[in-house]
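Asker: Fold the following, please.
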Amino acid sequence: MNKIRLYVKEATNELLHKVSWPTWEELQGSLIVVLVASLIFSIVIYLMDVAFSNVLSAFYHLFQ
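Answerer: Reported below is the predicted structural model:
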């Protein structure tokens with residue numbers, strides 16, 4: 001039990017005193033980058049899905 005307490009105490013100490021946390025402005029900037037990248041990535045995947053769907057649909061109609 002003492003090992004668990006020591007681990008939690010050391011982990012808390014490290015998180016509070018040794019980790020450099022980003023500022024609010026840095027977090028906002030990172031959030032915007034992630035949101036824009038996710039939006040672009042999802043649009044590209046959607047367009048690829050539509051394109052492949054149309055190509056395969058045309059291919060299947062050749063054999064009907």
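Asker: Tell me where this structure has helices.
Answerer: Under the criterion DSSP state H, the chain contains helices at 2-17, 24-62.
Asker: Any chance of those helices in a markdown table with mean pLDDT as columns?
Answerer: As requested, the helices of the chain are arranged in a markdown table below (pLDDT from 0 to 100):
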| stretch | mean pLDDT |
| --- | --- |
| helix 2-17 | 95 |
| helix 24-62 | 97 |
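Asker: can I get the ones you listed in JSON lines with mean neighbour count?
Answerer: Using the backbone N, CA and C atoms, a C-beta is placed for each residue, glycine as well. What follows is these, written out as JSON lines (neighbours: other CB atoms under 10 Å):
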{"stretch": "helix 2-17", "mean neighbour count": "9"}
{"stretch": "helix 24-62", "mean neighbour count": "10"}
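Asker: Please report how far residue 4 lies from residue 16.
Answerer: Here residue 4 is placed at a distance of 19 Å from residue 16 (CB to CB, to the nearest Å).
Asker: again with residue 46
Answerer: Counting by CB to CB, the gap from residue 46 to residue 16 is 43 Å.
Asker: repeat for residue 10
Answerer: For residue 10, the distance to residue 16 - CB to CB - is 11 Å.
Asker: All set now, cheers.
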